[in-house]
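Chemist: sequence first, then the predicted structure, then my questions.
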Amino acid sequence: MEIFRVNDDATQQLVHRTEVVMNNLNPAWKTFKVSVNSLCSGDQDRRLKCIVWDWDSNGKHDFIGEFSSTFKEMRGAMEGRQVQWECINPKYKAKKKNYKNSGIVILNQCKIHKMHSFLDYIMGGCQIQFTVAIDFTASNGDPRNSCSLHYIHPYQPNEYLKALVAVGEICQDYDR
């Protein structure tokens with residue numbers, strides 16, 4: 001099964017592809033994790049298109065059917081109930097008068113795990129203490145040799161100092 005996010009310009013972007021379940025008319029795919037950002041860009045009403053395939057070793061996989069949903073619909077599986085969709089093959093639906101579906105896809109469980117950002121920690125009062133340690137062992141080269149990371153150039157900073165300044169300028173605002 002493949003899950004695609006439908007973008008604002010109607011293009012589709014693959015978000016997740018499940019593993020292949022061999023020789024099974026009722027596959028049960030392994031639990032997987034997808035970030036809400038990649039799944040729907042934070043828009044719980046964004047259309048998602050799911051396509052189900054029957055894998056063939058020759059690479060010519062057979063299209064079983066498709067359905068569309070939203071993350072909001074999928075969240076219905078959070079309250080301990082199942083959410084299901086009919087998997088429809090449009091060709092069969094157009095040709096066969098009594099066609100109902102090519103199967104049912106059931107979502108047994110949906111969980112949301114909050115992943116805190118750096119900004120969340122800072123806004124929550126987390127403090128950073130900026131500490132620096134530099135290895136001055138001889139294995140890093142003679143500081144008088146211009147090839148050494150420790151080389152002290154009379155007119156420009158060495159690589160260590162450039163890195164310290166780059167990180168320090170950001171961290172200083174978060175360190176009392």
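Modeler: Cool, the structure landed.

Chemist: mind listing the strands for this protein?
Modeler: 2-6, 12-17, 48-54, 62-69, 83-86, 104-107 (DSSP state E).

Chemist: nearest to G42, of those?
Modeler: Closest to G42 of the strands of the chain is strand 2-6 (CB to CB; 11.2 Å). Any C-beta I mention is one placed from the backbone N, CA and C, and that applies to glycine too.

Chemist: which other helices and strands contact that closest one?
Modeler: strand 12-17, helix 36-40, strand 48-54 (3 or more CB pairs under 8 Å, 6 or more residues apart in numbering; DSSP states H and E).

Chemist: for A166, give me the pLDDT.
Modeler: Per-residue pLDDT puts A166 at 92.

Chemist: let me redo that: L25
Modeler: For L25, the predicted pLDDT is 85.

Chemist: okay, it and K49: tell me how far apart.
Modeler: 23 Å (CB to CB, to the nearest Å).

Chemist: ok, now M123?
Modeler: For M123, the distance to K49 - CB to CB - is 36 Å.

Chemist: quick one, which of those two is more surrounded?
Modeler: Taking other CB atoms under 10 Å, M123 and K49 do not tie; K49 has more neighbours (15 against 10).

Chemist: ok, what's across the strand from the more buried one?
Modeler: Bridge pairing for K49 (DSSP bridges) gives the partners F4, S68.
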